[in-house]
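J.: please work out how this folds:
(2 chains)
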Amino acid sequence: MIKRRTTLKLATSALAVPALGITGARAADTVKMIDDVELSGPGVTSGSMWKNGVDMAIKEINAGGGILGRQIEVSHQDNQSQAQIAKAVATKAIDDEPYVILGPIFSGDVNVSSAVAETAETPMFMGGEAANLTQQGKKYLFRSSLSQSAAMPKVANYMQKVGIKSVVIVWISNDFGKGGHDTMLKELNARGIKVLADIPTEPGQMDYTSVVVNAVKAGADAIFSYKNEEESARFLIALRKYGYDKPVIGETVLVSQRVIELAGTAANGARGHVGLTVDAPNPLVLAFGAKFKAIYGYASDHNGIKGYTSIYLIKAVTEKLGKFDRKALAAAIHGGSFSAKQYPGLLLDVAFDAAGDLDRESYLVEVRDGKQVITETLPPLGKV
Amino acid sequence: MTGLGKSLRWPVLILAIIALAVLPTSLKSYGVYILTLWAVYVIAGMGLNLTVGYAGQISLGQAAFLGIGAYTAGLMAKLGFSYLLIVPASASICFLVGLGLGFPALRVQHHYLAFATLGFNMLCFLVFRNEEWLTGGTFGMNDIARPVLFGWHFSRAADFYQLTFGITVVLAVLMALLLRSPWGRAFAALRDNPIRAESVGISTTFYTLMAFAIGAAYAGVAGALFAPLVGFIEPASFTVTNSLAMLLMVIVGGQGRFFGPALGAVIVVLLPEWLRFAADWYLAVFGFMIVVMMVWMPGGLLSLADRWKRP
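T.: This is a model prediction of the structure:
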């Protein structure tokens, strides 16, 4: 009998789940934001940087009086880098009626969460870069960085400019890597740059010896590497051990601060395009980078800047509107241009199109002596 | 069990089912979603409990069957098939694949079998990821619609929960009938002493294969519900890690106990959500609780009752 009682007791706790959806009253002097972010699982590196950027911006804004006099209240909710949990987090967020949802970063998580946000007409500021995310006609989804379809042409142009005629692509087999790979392949073909080897690698891969051997054996003018942070660092280390001395080119991640920290001297010589970098020749960005490092003890990568600028974008547009109105916020961002001169927290001038894609200046960089060195500033594409 | 206990068993069970059926009326969307996810995992857990708990096999491939069911459902839904066909198709395909996975179990046992099923899960993951023409590859399959049955749209969260819960109850009844039939006794004999089972005329080959096939079919149905619940499927949802989580559900609830998967799914699916108040520490607290449970209750939560009964 006890067995039944035990079962029922525990089942009753399950029934008492009402806690699952019931929230307390919201204070009128705060504005609620919920961060649906990867704080565990494979997305934790990106998610933690994003969270720190968000926290930093919110602390600054709250210290300065908040948005329209209301303090920002943020709740970071871990989606475990899993789509079904990301949807749970987004659903929970909507039940709490936040002003906006922040995150996620992984494409699968963005896909499910943005569908929930769309139904609830709640703006979502995500860190995803995959091209397809903003091609689904969603009205409440906004990027915080350039999409792959905006960034890859810049990388391909650079390759063409420096006379690269053939390349090996080494990419990571996840949605991020596949999206970048497909977009880059198209851009390379359009410019007549031959792909001599196309090598997919596994997420979490530890040993890149065979990848390096095959990549080098192909005898191309350069390697284009498109992977997540840890994998990029391991690949660079394996390449340097092998003695590879031709150009290694990437987009954002390969030359990011996190990869430089992880790869150490092996990162030296890596080149690429970055949409966001704390080393950008811009006083606002440099000040942000210094402050971030002082607070957290390490340099911010692009995800930290994405989180930070997203909060300031929300503040800027809300204050322009003079009210907290989700629909009006989304409408005002579509087709809007916002200058860093007027809103310094944006760090860089930014413009949005009707799909939620953004445009801003970006950079060509090279890693020298463990530091990102900007070699050229590329203007916005001007498409939005 | 006392006479009073026996007489109360059915009314209490019926009341619990009614309470779970009407629970969404008092929950917000998030609660309904999590409860539906729980029901989906209970179905997959029931299947795994048959394979692991009742038939004594080991499987680290249940997430692969969940994936096969989900992708079958996603593809068929995109092609416009009725949900009345989708569920049996998902179950049948998994049944057949499960039958195939049962063959290694005829030759190897214990951790060797665990690795064989683990390899199967990885193989399925690679198919889901690499066969982009069929599965959408790493980009997954998006916008999987909720089902329509006899003109009724199950698009509302509460409606879809009730459909899922209804299917869970039906499958639980079928499982109970199976376990009370000679098949159930044959599975138990296979688990307890396969040589003796063979000597009394039980075909261990047949029942081993059936344990895998039926367990897989349950995961197939769960997958057919998972796909429209989340609305999006991707290979990352069906990795070995998820198979381990499902095995944890069965073990932490009480393997070989009928209500074990239901309770195990509460621990694995609902507990981390309840622990969110612990902020950054919530997964650490969850992990610690699992360690404590496994150390103190190796027979699962339902084994607590047996401990209390002991003099």
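
J.: list the contacts for residue 179?
T.: No chain was given, so I picked chain A. Residues in contact with residue A:179 (C-beta atoms under 8 Å, 6 or more residues apart in numbering or on different chains) are A:107, A:129, A:130, A:131, A:132, A:148, B:139. (Each C-beta comes from the backbone N, C-alpha and C, glycine too.)

J.: wrong one, chain B
T.: Neighbouring residues of residue B:179 by C-beta under 8 Å, 6+ apart: B:50, B:54, B:187, B:258.

J.: please redo it, this time with the cut-off set to 7 Å
T.: residue B:54 (C-beta atoms under 7 Å, 6 or more residues apart in numbering or on different chains).

J.: tell me the secondary structure at it.
T.: The local conformation at residue B:179, judged by DSSP: H, G, I helix; E, B strand; the rest coil, is helix.

J.: okay, it and residue B:253: tell me how far apart.
T.: Remark: distance between residue B:179 and residue B:253 (C-beta to C-beta, to the nearest Å) = 16 Å.

J.: ok, residue 57 - contacts?
T.: Unless you meant another one, I'm taking chain A. Per C-beta under 7 Å, 6+ apart, neighbours of residue A:57: A:308, A:311, A:312, A:345.

J.: meant chain B, my bad for not saying
T.: B:51, B:105, B:113, B:208, B:211, B:212.

J.: which ones among these map onto strands?
T.: Among these, no residue falls in strands (DSSP state E).

J.: so what are the domain limits for the chain?
T.: Picked chain A for this. Domain assignment for chain A by automatic domain parsing gives A:28-146+A:281-360, A:149-274.

J.: please refer instead to chain B.
T.: As given by automatic domain parsing, the domain ranges for chain B are B:30-241, B:259-311.

J.: per-residue confidence at the spatially most central residue of chain A?
T.: Residue closest to the mean C-alpha point of chain A, counted by C-alpha atoms, centre = their mean, is residue A:127 at 3.5 Å. In this model, residue A:127 is scored at 96, pLDDT.

J.: now residue A:10
T.: With respect to pLDDT, residue A:10 scores 42.

J.: strands of the stretch 201-350 of chain A, start to end?
T.: A:222-226, A:248-251, A:271-274, A:337-338, A:350-352 (DSSP state E, counting those that start in this stretch).

J.: and these: which comes nearest chain B?
T.: Among the strands of the stretch 201-350 of chain A, strand A:222-226 comes nearest to chain B, with 12.8 Å by C-beta to the nearest C-beta.

J.: what's next to the closest one, contact-wise?
T.: When contacts are defined by C-beta under 7 Å, 6+ apart, strand A:222-226 is touched by residues A:159, A:164, A:167-172, A:177, A:180-181, A:184, A:215, A:232, A:235, A:246-251, A:254.

J.: what segments of chain A are helices?
T.: Under the criterion DSSP state H, chain A contains helices at A:2-15, A:44-63, A:83-95, A:107-119, A:148-161, A:175-190, A:209-217, A:229-242, A:257-263, A:283-296, A:302-321, A:326-333.

J.: reformat the contacts of residue A:179 as CSV; add distance to residue A:355 and neighbour count.
T.: Formatted as CSV, those follow (distance: C-beta to C-beta, whole Å; neighbours: other C-beta atoms under 10 Å in any protein chain shown):
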residue, distance to residue A:355, neighbour count
A:107, 16, 24
A:129, 14, 27
A:130, 13, 26
A:131, 11, 19
A:132, 11, 19
A:148, 14, 26
B:139, 18, 21
